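Asks: kindly generate the corresponding structure for this input.
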Amino acid sequence: MRISEFCGVVCAVASAGAAFAEPSGEGIRFDGATAYSVSNAALGLKAESFSVAAWVKTPEPKRSQIFLSMGDPAREFTFYLYNGAVRMLVEGSPGTYGFATAAVPLADVWTHYLGTYDGKTVKVYQDGALKGKKAVAYARAGFSSPLMIGAAGGGNERALKGAMEDIRIWNRTLTDEEAKSVCSGRTDGRVTEGLIARWTGERVTDNGLDSLVAAGLSAEKFQPVATTLINGKADGFRGIWYFNQPLKDEYVYKYSGGLGTYCASHIPMAWYAPEVNKTFFCYGGTDTNNSTLLHMVSYYDHATGKVARPTLLLDKKTDDAHDNPVINLDDRGFIWIFSSSHGRGRPSYISRSVKPYDIAQFQLMWTGNFSYPQPMYYPGKGFLFLHTWYVAGRGDYMMTGNPDGTVWSERKQLSYFGDGHYQISAVWKNKKTGAAFNLHPKGKGLNWRTNVYYMESDDFGTTWKNVQGEVLATPLTNKVNAAQVLEYESKQRNVYLSDIQFDSAGHPIILFVLSKGFESGPANGPREWRIVRWTGTEWKEQFTGIVSGSNYDVGPVYIESDTTWRIIGPTQMGPQPYNPGGEVAMWLTEDAGATWRMDRQMTKDSERNHTYVRRPVNANPEFYGFWADGHGRKPSESRLYFCNQKGDVFRLPQTMNGDFAPPEPVFR
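Replies: Residues are numbered from 1 along each chain as shown. Below you'll find the predicted structure:
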């Protein structure tokens, strides 16, 4: 039977003298989240001699993304965009690979790529012309993984965003002349010999790739994998339990506990929308076995006093709470979830609700990589997205996104000196963004963090200034610079940033914990809660008088007026003393931070430490703070809580029988 009978379509053959026949339609579309696979048992691709080809078009040619692959990256074979080139990579022997390269395509321009391997040399062609080759000796078993189309490995790593057309697979090595013929659109003659599969866009239904059939495979279908967004419903509220760095002492870990609202550098996790009188929030959830991190989205309806059954957005396929999500709302009411990754080993995602003020379903808007996300939506402008990107250590970066979140800028470095930073940020009246960050001194390891720096931008990230208004030359590359606020390195003190806010004049107020070292226990105390604020003429540091048990005791500061400020945090020793968190208390100053008093201890006699209190954007007095609990020294369940401005505490239901349920008052 002829190949064309299986394809269902014959691509247009180039007219006489034409170098190639560019696709005329949209091709096979890929959304940056969903990939497809065909088992090699059905495909029968031979590892010692094969060829792959496709027309490719992507709006993001500088982002690493996969066309075709078998196995994890750098295993079996990968045909992909990476590091400023298109690579045809083949694993010649176990653990040893080589690759040939061609130039990247122009954005949104159809470009034809073809890769071959003959057991000795890997080659790559672009628009019919040989562009690169590399000697790679074959000394391994045949392919064992399925053919992945539009991704690699587990299915969503480096997923393709854009389109492919006329995807072809051969069980032989094509010649230079045949490469030209394939690019020209030939579907007969020599180019059909050894052809074992071909897919084209005209076989795609409105529902996606489900109807695409591989030629000659007895109607073998693409199998969809890694549909990143689940858009399901959970049966209640359960937070992730997580630990970092085991220790050989009674405290067991450097930090641990119920970390569904972790960490201080994930901003924000809740957002009040006065238009619908609801507080939307996200958190790191899990299953009943705490086996994986689930990104969850819900809301508290202030009109009914009930919470909505949480939407299970996606499974991050890790139990690392550094991958927790954050939330934004735009000026049309669409809900945005930024799904983080800890380092560059896992993908990160940006998702948007399909309908305004609705958590029922989300759509994927961007796939790539970022850590410690801090996006903020500016009405009419779009997103100014501060985040960390892992280089040698942790660098401070930014991107901007248009109001629809469909176009994102190139990543821009703001600061990287020493071994990098942790940062926190906030927006003042949609007029400027301020960011505070500390320093990992060079060569001392990431457990040592010190100093305080501050920069701000009032032009959507185009220029950055220090608090005095002096323009900074970004990226900052020296630890002694015009953005420095406090110097603690010479005093051998660790600085843990908790929060940043502004007074009515837009002057920043930075809250942090100061300690003697990273290890848990009383030896590195006292762990002092301190504030440094800009008065308009100078930076003024103030000790609040609050002392807690762990470096990872985190709570926000609320600037309710220029004199009345409030702190809500786990400042009191809890059932696992000196582990992160404790009992939550409310502290008040009515003289702009000069003196503080405990207004109320909000939790007491708890079984587990309460951790990481978070402040919503536009915080409503009825949903003023949001946090989780968990045992500090062993795995445990984790419950979610919120409080009102008075300090009453409510627990979210662990199981729900309907779509809405009232929270449980636990401390009033």
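
Asks: state the phi and psi torsions of residue 59.
Replies: Backbone torsions for residue 59, taken as degrees, to the nearest 10, come to phi -80, psi -10.

Asks: next, count neighbours for residue 287.
Replies: Neighbourhood size, residue 287 [other CB atoms under 10 Å]: 14. Yep, even glycine has a C-beta here, placed from its N, CA and C like the rest.

Asks: OK, contacts around it?
Replies: Neighbour list for residue 287: 238, 294 [criterion: CB atoms under 8 Å, 6 or more residues apart in numbering].

Asks: which helix or strand contains it?
Replies: Per DSSP states H and E: residue 287 is located in neither a helix nor a strand.

Asks: if I look at it, how far off is residue 234?
Replies: Distance, residue 287 to residue 234, using CB to CB, to the nearest Å: 9 Å.

Asks: same check on residue 89?
Replies: Using CB to CB, one obtains 40 Å as the distance from residue 89 to residue 234.

Asks: got any residues that touch both of residue 287 and residue 234?
Replies: Joint contacts of residue 287 and residue 234 (CB under 8 Å, 6+ apart) are residue 294.

Asks: which residues of the stretch 51-200 of the chain fall in helices?
Replies: Secondary structure of the stretch 51-200 of the chain, counting by DSSP state H, counting those that start in this stretch: helices at 176-183.

Asks: ok, now the chain?
Replies: Taking DSSP state H as the criterion, the chain contains helices spanning 3-7, 40-43, 176-183.

Asks: so who does the closest residue to residue 512 other than its chain neighbours touch?
Replies: Once flanking residues are discounted, residue 512 sits nearest to residue 497: 5.0 Å by CB to CB, 6 or more residues apart in numbering. Shown in contact with residue 497 (CB under 8 Å, 6+ apart): 264, 265, 422, 423, 424, 436, 437, 438, 452, 510, 511, 512.

Asks: pretty sure the third one contacts residue 266?
Replies: No - because the distance of 11.1 Å does not satisfy CB atoms under 8 Å, residue 422 is recorded as not touching residue 266.

Asks: excluding its backbone neighbours, what's nearest residue 583?
Replies: Nearest to residue 583 is residue 572, by CB to CB, 6+ apart, at 4.0 Å.

Asks: which secondary element of this structure has the worst mean pLDDT?
Replies: Taking mean pLDDT, DSSP states H and E as the measure, helix 3-7 is the helix or strand of the chain with the lowest mean score, a mean of 24.

Asks: can you give me the pLDDT of the closest residue to residue 185 other than its chain neighbours?
Replies: Sequence neighbours aside, residue 21 is the residue nearest to residue 185 in space, at 3.3 Å (criterion: CB to CB, 6+ apart). What the model reports as pLDDT for residue 21 is 72.

Asks: in the chain, where is pLDDT below threshold?
Replies: 1-20, 34, 41-42, 153-157, 202-228 (pLDDT under 70).

Asks: quick one: the strands in the stretch 251-400 of the chain?
Replies: For the stretch 251-400 of the chain, the strands defined by DSSP state E, counting those that start in this stretch cover 253-258, 270-273, 278-285, 294-301, 306-308, 311-315, 325-329, 335-339, 348-353, 362-368, 371-378, 382-390, 394-401.

Asks: ok, which of the ones you listed comes nearest residue 576?
Replies: Closest to residue 576 of the strands of the stretch 251-400 of the chain, according to CB to CB: strand 253-258, at 7.8 Å.

Asks: partner strands of that closest one, parallel or antiparallel?
Replies: The pairing partners recorded for strand 253-258 under DSSP bridges are strand 241-246 (antiparallel).

Asks: residues of the partner strand that come out buried?
Replies: Judged by neighbour count using 16 or more other CB atoms under 10 Å, the buried positions of strand 241-246 are 241, 242, 243, 244.

Asks: distance from the chain centre to that strand, please.
Replies: Counting by CA atoms, centre = their mean, to the nearest Å, strand 241-246 is centred 20 Å from the centre of its parent chain.

Asks: list just the nearest of the buried residues of strand 241-246 to residue 604.
Replies: residue 241 (22.0 Å).

Asks: touching, that closest one and residue 633? I think so.
Replies: No - with contact defined as CB under 8 Å, residue 241 does not reach residue 633; the gap is 11.3 Å.

Asks: give me the common contacts of these two.
Replies: By CB under 8 Å, 6+ apart, the residues touching both residue 241 and residue 633 are residue 256.

Asks: what count of nearby residues applies to residue 182?
Replies: Per other CB under 10 Å, the neighbour tally for residue 182 reads 25.

Asks: okay if I get the strands of the stretch 251-400 of the chain as CSV plus distance to residue 643 and mean neighbour count?
Replies: Compiled in CSV, the strands of the stretch 251-400 of the chain are given as follows (distance: least, CB to CB, whole Å; neighbours: other CB atoms under 10 Å):
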stretch, distance to residue 643, mean neighbour count
strand 253-258, 16, 27
strand 270-273, 12, 23
strand 278-285, 12, 28
strand 294-301, 12, 24
strand 306-308, 14, 21
strand 311-315, 23, 22
strand 325-329, 18, 23
strand 335-339, 23, 25
strand 348-353, 26, 23
strand 362-368, 28, 22
strand 371-378, 23, 23
strand 382-390, 27, 23
strand 394-401, 31, 22
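
Asks: from residue 160, how far off is the closest residue to residue 87 other than its chain neighbours?
Replies: Spatial nearest neighbour of residue 87, excluding adjacent residues (CB to CB, 6+ apart): residue 99 at 4.5 Å. Separation of residue 99 from residue 160 (CB to CB): 18 Å.

Asks: who's in contact with residue 556?
Replies: Counting by CB under 8 Å, 6+ apart, residue 556 touches 498, 499, 501, 511, 567, 568, 569, 613, 614, 615, 625.

Asks: for it, grab phi and psi.
Replies: The phi/psi pair for residue 556 (degrees, to the nearest 10) reads phi -90, psi 160.

Asks: ok, now how distant is it from residue 66?
Replies: Taking CB to CB as the measure, residue 556 falls 41 Å from residue 66.

Asks: quick check on the residue nearest the centre of the chain: phi, psi?
Replies: Closest to where the C-alpha atoms of the chain average out (CA atoms, centre = their mean) is residue 340, at 2.4 Å. When read as degrees, to the nearest 10, the backbone of residue 340 gives phi -80, psi 170.

Asks: residue 268 contacts residue 616, doesn't it?
Replies: Yes - between residue 268 and residue 616 there is a contact under CB under 8 Å: 6.7 Å.

Asks: can you list the domains in this protein?
Replies: Split into domains by automatic domain parsing, the chain comes to 3-225, 232-667.

Asks: list the contacts for the residue nearest to residue 427 when sequence neighbours are not counted?
Replies: Excluding its sequence neighbours, the residue lying closest to residue 427 (CB to CB, 6+ apart) is residue 376, at 4.7 Å. Residues in contact with residue 376 (CB under 8 Å, 6+ apart) are 328, 383, 384, 385, 386, 425, 426, 427, 433.

Asks: okay, residue 89 and residue 234: which has more neighbours?
Replies: Comparing residue 89 with residue 234 by other CB under 10 Å, the one with more neighbours is residue 89, at 25 against 19.

Asks: beta partners for the more buried one?
Replies: Under DSSP bridges, the beta-bridge partners of residue 89 are residue 78, residue 99.

Asks: I figured it hits residue 81, correct?
Replies: No - with contact defined as CB under 8 Å, residue 89 does not reach residue 81; the gap is 11.6 Å.

Asks: who's in contact with residue 402?
Replies: 382, 408.

Asks: ok, 6 Å please
Replies: Contact analysis of residue 402 by CB atoms under 6 Å, 6 or more residues apart in numbering lists residue 382.
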